[in-house]
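*Asks:* I need the structure of the sequence given here:
(2 chains)
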Number of protein chains: 2
Amino acid sequence: MTLAAIAAEAGVSLATVSKVLNGRADVSAATRERLEEHLRRNGYTRRNASQRSEYIELVFHELEPSWSVAVIEGVEEVADAAGLSVVLSVSGDRHSPASDWIDGVLRRRPLAVVLVFSDIPPRYREKLRSRGIPFVILDPAGDPAPDVPSVGSANWSGGLAATRHLIELGHTRIAAITGPEDMMCSLARVDGYRSAMNAAGLEIDPDHIRFGDFLPGEGERHGAELLASPNPPTAIFAGSDLQALGVIAAAAARGLSVPRDLSVVGYDDIALAKWMSPQLTTVHQPLRRMGEEAARLALRIADGEQADTMRMDLATHLIVRGSTAPPA
Amino acid sequence: MTLAAIAAEAGVSLATVSKVLNGRADVSAATRERLEEHLRRNGYTRRNASQRSEYIELVFHELEPSWSVAVIEGVEEVADAAGLSVVLSVSGDRHSPASDWIDGVLRRRPLAVVLVFSDIPPRYREKLRSRGIPFVILDPAGDPAPDVPSVGSANWSGGLAATRHLIELGHTRIAAITGPEDMMCSLARVDGYRSAMNAAGLEIDPDHIRFGDFLPGEGERHGAELLASPNPPTAIFAGSDLQALGVIAAAAARGLSVPRDLSVVGYDDIALAKWMSPQLTTVHQPLRRMGEEAARLALRIADGEQADTMRMDLATHLIVRGSTAPPA
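*Replies:* I've put the predicted structure just below:
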């Protein structure tokens, strides 16, 4: 169906259709809404934009220094090799970019979009689809629809490897602190922990599973509570290296030394993990490669290639350093 | 002088002039060179671009996680408030962006450019000026020309405050590790150290002043050498928080405890400084505000405002935490 036919069907001018497609502001909300509905119902997809965009858009809901730079570097590298530039947006929360973002991206018309850690509501997906702007989600917060292309990492295996390592050292009272309950990566990591504990025949104290965010403050809070509890763990698997820092601070505040009195495993392997004292045992997550693969997948879709797999999980692996030891 | 006149003077078509102005590739290097020379000689500045750009371009020569994200956030905030997006480039080294960057930026025609930590050679400055693309350098590596707008911070005062703090604790054998010798911020910090030592009548062992990069590895190398020397310092002022981490690792490797056996002061106050064990005493550098001010200054120049001051230094201040104590 041509744009002219859709314009006629919706009872608006072709100029208005063009404005809506390009995210311009001077069309009433009601008209936009109606036209979006017509575009959606007719399955319209813009095919040949007049000029090929020179941009990939990379969207974060927050810039966390320790891991976001690795992702940016990965996307930059692929963009650069393709002669493209990266537009960096910070918008919304992990459930969705903010509503003004979607109008901005329609105006900017990037060649492709990489969203980090967000979900993308169906109405935004529809808008991007009808404009022919492909998108890929990097490590989606929620459970994306099967047709949403995404790149993640092996979170469950990471949780399993971290916990197995602690069990092999001889720990039996092992706690896990993970991220928010509504993020798939948090759930997968803690499920890996559960499976390792179950496989070893170890009981899990229900108080030993904690949800938080991925920041140091939550690591410190949960760490302090766990260490003060009647059944304190001798080892803690933290959901991120930042949380692990908080756990180590909580241990230090109680006069406990890591790894002598408490073993701590982090997650991510941020650049500073090997510069901490003690050096942090952690699960390496290939953040830079995840950025590369997400950008590559987005560009392949932009080139009209049919992605044979819409979901790619990169491997994680345990890096043993100085923050873990047999229990005292 | 009009473009047509310049085209006639240079003996090329107006279309060729337009291609060169917009960084298109299909003009010979010799012709471009000649035309640039005519543009420069005639002091040509593009005035009214056909469409106002929606982008600020932010250029790093490297993305160092610990401090680059704060700068990005500052630039993002100002761009967002102005309804602009940020194009992020990683290019070149601290002496200059790479040569393919300048063609890219002429093609992208951003509203303004913020360069982090780089110098910008006169030939690039001239190209940006003739296209009417203003730029601001954030904490320039070298000594920029007086007419180059730049935003920095009070490096000398920071070095002075860090060293005074150590002197007031009772240290007399104090070493300083700073950044590269060809960066103004390195020199200013170490000069602040020198002034504090001189003012207190303390002698400086020439071996106690070290230059490196700002990364942990150099902190560890210099730290290990200093601690193994015949005249080991009881306190070290590191040029960055990352270097301080390396120094602390070097101390730990010798079985020394911070701050009991060695006091360490960092520089930057990265987000993780307060999550280290011990928490890091450091000089707070307002990186996010530096990003904001650089973007604001660039936009003011883009709006045709005459900047009354081309160089702005934001204040730094010492934050005393747990890594410093009186000498044993």
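*Asks:* Please tell me how far the residue most central in space within chain A sits from B:Leu242.
*Replies:* For chain A, the residue sitting closest to the mean C-alpha position, by CA atoms, centre = their mean, is A:Phe117 at 2.8 Å. As judged by CB to CB, to the nearest Å, A:Phe117 and B:Leu242 stand 25 Å apart. (C-beta placed from N, C-alpha, C; glycine too.)
*Asks:* how about A:Ile301, what does it touch?
*Replies:* Shown in contact with A:Ile301 (CB atoms under 8 Å, 6 or more residues apart in numbering or on different chains): A:Ala112, A:Pro134, A:Val136, A:Pro149, A:Ala307.
*Asks:* wait, what's in contact with A:Ala112?
*Replies:* Here A:Ala112 is in contact with A:Ile56, A:Glu57, A:Ile133, A:Pro134, A:Phe135, A:Val136, A:Ala295, A:Ala298, A:Leu299, A:Ile301, A:Ala302 (CB under 8 Å, 6+ apart).
*Asks:* where does the residue nearest to A:Pro286 when sequence neighbours are not counted fall, phi/psi-wise?
*Replies:* If the residues on either side of it in the chain are set aside, A:Pro286 comes closest to A:Leu314, at 5.0 Å by CB to CB, 6 or more residues apart in numbering or on different chains. Backbone torsions for A:Leu314, taken as degrees, to the nearest 10, come to phi -90, psi 150.
*Asks:* Can you name the residues that contact A:Leu314?
*Replies:* Neighbours of A:Leu314 in contact, by CB under 8 Å, 6+ apart: A:Val151, A:Gly152, A:Ser153, A:Ala154, A:Pro286, A:Arg289, A:Met290, A:Glu293.
*Asks:* ok, now with 7 Å
*Replies:* Residues near A:Leu314 by CB atoms under 7 Å, 6 or more residues apart in numbering or on different chains: A:Ser153, A:Pro286, A:Arg289, A:Met290, A:Glu293.
*Asks:* now swap in A:Val258 and tell me
*Replies:* By CB under 7 Å, 6+ apart, the contact set of A:Val258 is A:Ile248, A:Ala251, A:Val264, A:Pro278, A:Ser323.
*Asks:* Would you agree it falls within a helix?
*Replies:* No: according to DSSP: H, G, I helix; E, B strand; the rest coil, the state of A:Val258 is coil, so it is not within a helix.
*Asks:* For it, give its distance to A:Met1.
*Replies:* On the measure of CB to CB, A:Val258 and A:Met1 end up 64 Å apart.
*Asks:* neighbours around the closest residue to A:Ala238 other than its chain neighbours, how many?
*Replies:* Leaving aside its chain neighbours, A:Ala238 sits nearest to A:Ala244 (4.0 Å; criterion: CB to CB, 6+ apart). Around A:Ala244 there are 31 other residues, counting by other CB atoms under 10 Å in any protein chain shown.
*Asks:* Could you look up the SS state of A:Ala244?
*Replies:* With three-state DSSP as the basis, A:Ala244 sits in helix.
*Asks:* Surely it and A:Gln279 touch.
*Replies:* No: A:Ala244 is beyond contact range of A:Gln279, at 11.4 Å (criterion: CB atoms under 7 Å).
*Asks:* Strands along chain A, start to end?
*Replies:* For chain A, applying DSSP state E gives strands covering A:55-60, A:85-90, A:112-116, A:135-138, A:150-153, A:174-178, A:209-211, A:235-238, A:263-268, A:281-284, A:311-314, A:317-319.
*Asks:* Can you give me the distance of A:Arg46 to A:Glu62?
*Replies:* Distance from A:Arg46 to A:Glu62, by CB to CB: 31 Å.
*Asks:* Residue ranges in the stretch 201-328 of chain A under the pLDDT threshold?
*Replies:* A:307-308 (pLDDT under 70).
*Asks:* the helices in it, which residues?
*Replies:* A:216-228, A:241-253, A:287-302 (DSSP state H, counting those that start in this stretch).
*Asks:* what's the most buried one of the ones you listed?
*Replies:* helix A:241-253 (a mean of 26; mean count of other CB atoms under 10 Å in any protein chain shown).
*Asks:* Can you name every helix or strand that it contacts?
*Replies:* helix A:216-228, strand A:235-238, strand A:263-268 (3 or more CB pairs under 7 Å, 6 or more residues apart in numbering or on different chains; DSSP states H and E).
*Asks:* Any part of the last one near chain B?
*Replies:* Just to be clear, that refers to strand A:263-268. No: for strand A:263-268, no contact with chain B is found by CB under 7 Å from any CB of the partner chain; the gap never falls below 11.1 Å.
*Asks:* So which elements touch that strand?
*Replies:* Against strand A:263-268 (3+ CB pairs under 7 Å, 6+ apart) you get helix A:155-168, strand A:235-238, helix A:241-253, strand A:281-284.
*Asks:* Just put those in JSON lines and tack on distance to B:Ala228.
*Replies:* Compiled in JSON lines, these are given as follows (distance: least, CB to CB, whole Å):
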{"stretch": "helix A:155-168", "distance to B:Ala228": "34"}
{"stretch": "strand A:235-238", "distance to B:Ala228": "35"}
{"stretch": "helix A:241-253", "distance to B:Ala228": "27"}
{"stretch": "strand A:281-284", "distance to B:Ala228": "28"}
